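>>> Prediction below, plus the sequence it came from.
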2 protein chains.
Amino acid sequence: MPTPKPVPESGQRFSCAVELTLEVIGGKWATVVLAHLKEGAHRYGALRRRIPGVSEKVLVQRLRGLEARGLIERRSDGGRPPEVEYRLTEEGLSLVPVLEALYVWGEQYAARTGVRIELPD
Amino acid sequence: MPTPKPVPESGQRFSCAVELTLEVIGGKWATVVLAHLKEGAHRYGALRRRIPGVSEKVLVQRLRGLEARGLIERRSDGGRPPEVEYRLTEEGLSLVPVLEALYVWGEQYAARTGVRIELPD
DNA sequence: CTGAATCCGATTGGATACTG
DNA sequence: CAGTATCCAATCGGATTCAG
């Protein structure tokens, strides 16, 4: 696995490995985006439809942030109308076990509590 | 496993199981607290020393929130000076695979990037 | 020792309108 | 189609002080 680019803000202290992980994939939507990309490459519009709860601004912020961290890759064909795809990088693929764990727990919690998860599409 | 108490805010919509998980254990410090309690019961002061990056206010907020969600239990002996212990509930124990995944990824990322994790104590 | 209370700034998130 | 640009609200988080 190639070494990823940007190490978290130097000068920061981490007292637990979980703190570091959260520094990289924390926030309300980063893991949701990654969980969808785990299923394969998605176009921008497809991500929007699959994550209706996030605003465009925040979605783009997350995509740019994850790209800067080397977890996802953006591919544009440069045509008109534009066609842009996002996919996990090799580095991003290393997160699959984390994303799986988050997904499985959510499913089980939903089943236990009766919370409904309504998939778009 | 007993059904936990408070289902996330009714009226909210979840389009992916990961969104639901994040609703329950999202935020900057919740998983860090849980990861320490995964190793066994801790007194309040011990948690503070192990998580030097969090302020007292936020630590107490997280402890109260996780308690309300039924993920941790607070036990006080009522003496003076007081002695309070926190531990994972059965419900909280269901999160262990998630916490493990977050921890393992953080350790590997630290090794790849050279980030140092400095344990207190 | 285990908190509660207060004040405040920083960060995040959301609605809407606009563009190549 | 895939974004930008603004403006604003809400939440999160930090430092400090006080208390039983």
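Now that the structure is in, tell me what you want to look at.

>>> Every contact and neighbour count from this point should use C-alpha atoms.
Will do.

>>> which intervals of chain A have sub-threshold pLDDT?
Filtered on pLDDT under 70, chain A yields the residue ranges A:1-7, A:9-11.

>>> any idea whether the residue nearest the centre of it is helix, strand or coil?
The residue lying closest to the centre of chain A (Cα atoms, centre = their mean) is residue A:34, at 2.4 Å. Classification of residue A:34 using DSSP: H, G, I helix; E, B strand; the rest coil returns helix.

>>> From the contact counts, what lies against the longest helix along chain A?
Counting by DSSP state H, the longest helix found in chain A is helix A:96-113. Contact here means 3 or more Cα pairs under 8 Å, 6 or more residues apart in numbering or on different chains; DSSP states H and E; on that basis helix A:96-113 packs against helix A:30-37, helix B:17-25, helix B:96-113.

>>> what residues does the longest one touch?
It stands for helix B:96-113. With contact meaning Cα atoms under 8 Å, 6 or more residues apart in numbering or on different chains, helix B:96-113 is reached by A:3-4, A:7, A:16-21, A:94-95, A:97-98, A:101-102, A:105, B:31, B:34-35, B:38, B:115-117.

>>> If we use 7 Å, what do you get?
With contacts defined as Cα atoms under 7 Å, 6 or more residues apart in numbering or on different chains, helix B:96-113 is touched by A:3, A:7, A:17-18, A:20-21, A:97-98, A:101-102, B:31, B:35, B:38, B:116.

>>> May I see the ChimeraX selection of the buried members of those residues?
Buried residues among the contacts of helix B:96-113 (16 or more other Cα atoms under 10 Å in any protein chain shown), as a ChimeraX selection:
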select /A:17,18,20,21,97,98,101,102 /B:31,35,38,116
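
>>> and the contacts of helix B:96-113 as a markdown table, adding distance to DNA strand C?
Output for those, formatted as a markdown table (distance: Cα to the nearest atom of the strand, whole Å):
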| residue | distance to DNA strand C |
| --- | --- |
| A:3 | 23 |
| A:7 | 16 |
| A:17 | 19 |
| A:18 | 16 |
| A:20 | 14 |
| A:21 | 14 |
| A:97 | 22 |
| A:98 | 18 |
| A:101 | 20 |
| A:102 | 16 |
| B:31 | 16 |
| B:35 | 17 |
| B:38 | 17 |
| B:116 | 21 |
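
>>> Now flag whichever of the contacts of helix B:96-113 is closest to residue A:49.
residue A:102 (20.8 Å; Cα to Cα).
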